[in-house]
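Participant: Task: produce atomic coordinates for the following.
(chains A and B)
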Amino acid sequence: MSPIRIFRGLSLVMLLGGATGTASAWTPETSIGCGASCPARIPDRNGATNGQVSINFTVPGGLCAGGTFAGYAVDVDILHSHIGDLSATLVSPSVQTVQLLNPLSGGVCAGDDINSRFRDGTGSSTAVCGNFIPAVAGVITPASSLSALGSTVATGAWHITVTDSSHGGDGQITDAALVIRCSYSDEIFFSGFGFD
Amino acid sequence: MNKLPNTFGGCLLGVLVMLGGTTVSPPVQAAIGALDRVPAATLLLPYFEVDLADANGPQTRFTVVNASANPALAHATLWTDTGVPTFALDLYVGGRGSVEVDLRQLFAGVVPQTSPGAFAAGPDSTPHVAFPSCPLAASALYAGMPAPARFSNAQIAHLRAAHTGLASAAFGNMCSAAPHGDGIARGYVTIDVVNSCTSNFPSDSGYFISGGTGKASNRNVLFGQYTTLERGDRVTAASPLVSIEASNTDPITSVAGSYTFYAAFVGASAADNREPLGTHWQARYIDVGFFDPGSQFVIWRDPGFPHAPFVCGSLPTDFPRQQAEIVAFDESENPSVLDSGNVYPNPQPPPTSPAPWMTQRVDAVVMSPFASGFMFFNLNTAPPGTVASTTGQMQSYVGVRQRLNGTFGAELPATYLYGPQDNMSMIIGY
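Facilitator: The predicted structure follows:
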């Protein structure tokens, strides 16, 4: 899916929602899916060796053209019967690594499933171990800031690695997406639709 | 492997200290036909539910534990609530080891993976071994077991359809479960100790050979537990897996013509050497006060003969399953008879079938007008075509769940009164 299509789609939503055209920024998103690398089984810890699986994303060039890069986010949908076993990292093409998730509750969280967006900033909260499924849901603050990945869109091969560091518990990465957020001024928005 | 060894390690140590440092004792002496909770060659998970639409609806997990120091291979078979086998998998269980299977995950395509190479054998266990016919898997992490990392989409669709009463392409667009229409997969699970990896079902020829020399073994080494989780109602209930011992010397399980646990699939030859379950049960129920929604009964019934997929919209002729008698007693010894076979009242009321399927859970209120008391079950009445028993005996299992949503739940085996070997059909309540 090209970024311009997402941009137009979100712009239309904002227009119907009563956008006034006053100076503001629009931050549409491009979700880059994990393609054939999902779903992926998360191996259980094997003896002294942690179980580990990686899924891949390919970020094309041209994203945020005409605008500015506004940050990354990661959507993950993990089926797992003991999520306290799990940790996750996001690795950029330049091998810059960010810790998304550490073992919850010191590894003893026995909850099931994670269906969350990992994102810096307002509106995100620290992951807690819930009693229902998914045990982790909503917008979650990554264990370390995604801003460490740089201030421009890094094109190329990214991957998320999920590690199972304790015996027991089964699961898979059902789906995931790397989200690129771009910021555009309203002037571009209106120009893009021929309003001026 | 699950976390039992770690989480219970401290408790076990404490018990040993209290006992003055004695070592782990050998299993108690088992008795064939007694339905005692001892390590066994077959385990029965009598009823499972997996809500496919709501993860916080009813879900089921089970754990298989190897009581022996020697490794064991456990063969789990899923059956629908009309007695059709749908899927089997092998579980490697190291000596003193355990394996947990989450059926919610299985129905999502995540297959439990176990292997001799998962980790080193424990200090109280003999070394790991590779069982015959277990081809190396693609993943070196799980070398030795044949289970794929996950099911294909077609396999997932089959499993879901087969257990929810929908047509499955793998069954020639036939159905294989009761049409409840609520998106909850139902059925039961048998877990046999086997000698080698196999994709066979217990209903397949050659699976059992007397003496435990077929696919199935007679080693009485497994025990376990199953847990039903209903997160939406904030209640869980756990119960032991039903132990079914094997013996090729006891007359109950070794003489041709005996009504053994798998008699329906071995032509009543006793080749399975498995003890039968009971025919008569009783258990307490409570539908009063803070027990809300009250007691429920888990009722499993022997298929009696091999069942196959059927044309959707129809049912095999042995459904709905009847029973000889169910009697509810209140706290003052007053009975209420449900569907007695051949005595008062006359004329007979229309037949009622509170437990029409091979397996189900039934609210106590369906079978009793009283708020509390105990229930008596005589679940005999063999359906036409039964291979296992020509005398009307029909084995079953009954458990009772006491629950208060949001507070607690428990499932207990009902009290076992008689089995097929007693050749009894007791009518009471008059």
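Participant: Pairing partners for the residue nearest to B:L338 when sequence neighbours are not counted in the sheet, please.
Facilitator: Among residues not flanking B:L338 along the chain, B:I326 sits closest, at 4.3 Å (CB to CB, 6 or more residues apart in numbering or on different chains). Where C-beta positions appear, they are placed from N, C-alpha and C, glycine not excepted. With DSSP bridges as the criterion, B:I326 is bridged to B:L338, B:F377.
Participant: Quick check: B:I326 touching B:P335?
Facilitator: No - judged on CB atoms under 8 Å, B:I326 makes no contact with B:P335 at a distance of 10.5 Å.
Participant: So these two - more neighbours on which side?
Facilitator: Legend: neighbour count by other CB atoms under 10 Å in any protein chain shown for B:I326 and B:P335, higher for B:I326 (26 against 16).
Participant: near chain B, which residues of chain A show up?
Facilitator: A:39, A:41, A:43-44, A:46-49, A:51, A:79, A:81-82, A:112-113, A:131-134, A:166-168, A:170-172, A:174 (CB under 8 Å from any CB of the partner chain).
Participant: go with 7 Å
Facilitator: Proximity of chain A to chain B (CB under 7 Å from any CB of the partner chain) is limited to residues A:39, A:41, A:43, A:46-47, A:79, A:81, A:113, A:131-133, A:167-168, A:170-172.
Participant: Show me where chain A has its strands.
Facilitator: Assigned by DSSP state E, chain A shows strands spanning A:25-26, A:29-33, A:40-41, A:51-59, A:68-80, A:86-91, A:97-101, A:114-119, A:136-140, A:156-164, A:171-185.
Participant: Mind checking these for the one nearest to B:P293?
Facilitator: strand A:136-140 (27.6 Å; CB to CB).
Participant: Buried subset of the residues of chain A next to chain B as a ChimeraX selection?
Facilitator: One line in ChimeraX is enough to select the buried members of the residues of chain A next to chain B, burial here meaning 16 or more other CB atoms under 10 Å in any protein chain shown:
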select /A:39,41,43,46,79,81,113,133,167,168,170,171,172
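Participant: OK, contacts around B:V129?
Facilitator: B:V129 sits next to B:P71, B:P116 when contact means CB atoms under 7 Å, 6 or more residues apart in numbering or on different chains.
Participant: repeat that for 6 Å
Facilitator: Neighbouring residues of B:V129 by CB atoms under 6 Å, 6 or more residues apart in numbering or on different chains: B:P71.
Participant: hang on, the earlier thing: can you redo the strands of chain A as TSV with mean pLDDT?
Facilitator: Formatted as TSV, these follow (pLDDT from 0 to 100):
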stretch	mean pLDDT
strand A:25-26	79
strand A:29-33	96
strand A:40-41	91
strand A:51-59	95
strand A:68-80	96
strand A:86-91	98
strand A:97-101	97
strand A:114-119	97
strand A:136-140	96
strand A:156-164	97
strand A:171-185	94
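Participant: got JSON lines for those strands, with distance to B:T253 too?
Facilitator: Listed next are those as JSON lines, based on distance: least, CB to CB, whole Å:
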{"stretch": "strand A:25-26", "distance to B:T253": "75"}
{"stretch": "strand A:29-33", "distance to B:T253": "56"}
{"stretch": "strand A:40-41", "distance to B:T253": "40"}
{"stretch": "strand A:51-59", "distance to B:T253": "42"}
{"stretch": "strand A:68-80", "distance to B:T253": "41"}
{"stretch": "strand A:86-91", "distance to B:T253": "46"}
{"stretch": "strand A:97-101", "distance to B:T253": "52"}
{"stretch": "strand A:114-119", "distance to B:T253": "48"}
{"stretch": "strand A:136-140", "distance to B:T253": "49"}
{"stretch": "strand A:156-164", "distance to B:T253": "42"}
{"stretch": "strand A:171-185", "distance to B:T253": "40"}
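Participant: residues contacting the residue nearest to B:L338?
Facilitator: By CB under 6 Å, 6+ apart, B:I326 lies in contact with B:L338, B:M367, B:F377.
Participant: Could you dump the residues you listed into a markdown table and include pLDDT?
Facilitator: Formatted as a markdown table, the contacts of B:I326 follow (pLDDT from 0 to 100):
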| residue | pLDDT |
| --- | --- |
| B:L338 | 79 |
| B:M367 | 90 |
| B:F377 | 95 |
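Participant: Would you point out which residue of the stretch 151-300 of chain B is nearest chain A?
Facilitator: Relative to chain A, the nearest point of the stretch 151-300 of chain B is B:R231 (5.1 Å; CB to the nearest CB).
Participant: Phi first, then psi, for that residue.
Facilitator: Main-chain dihedrals, B:R231, degrees, to the nearest 10: phi -60, psi -40.
Participant: if you skip the residues just before and after it, what's nearest to it?
Facilitator: B:N56 (4.1 Å).
Participant: Show residues contacting stretch A:94-113.
Facilitator: Residues contacting stretch A:94-113 (CB under 6 Å, 6+ apart): A:79, A:81-84, A:87-91, A:118, A:129-130, A:133-135, A:142-144, A:146, A:148-149.
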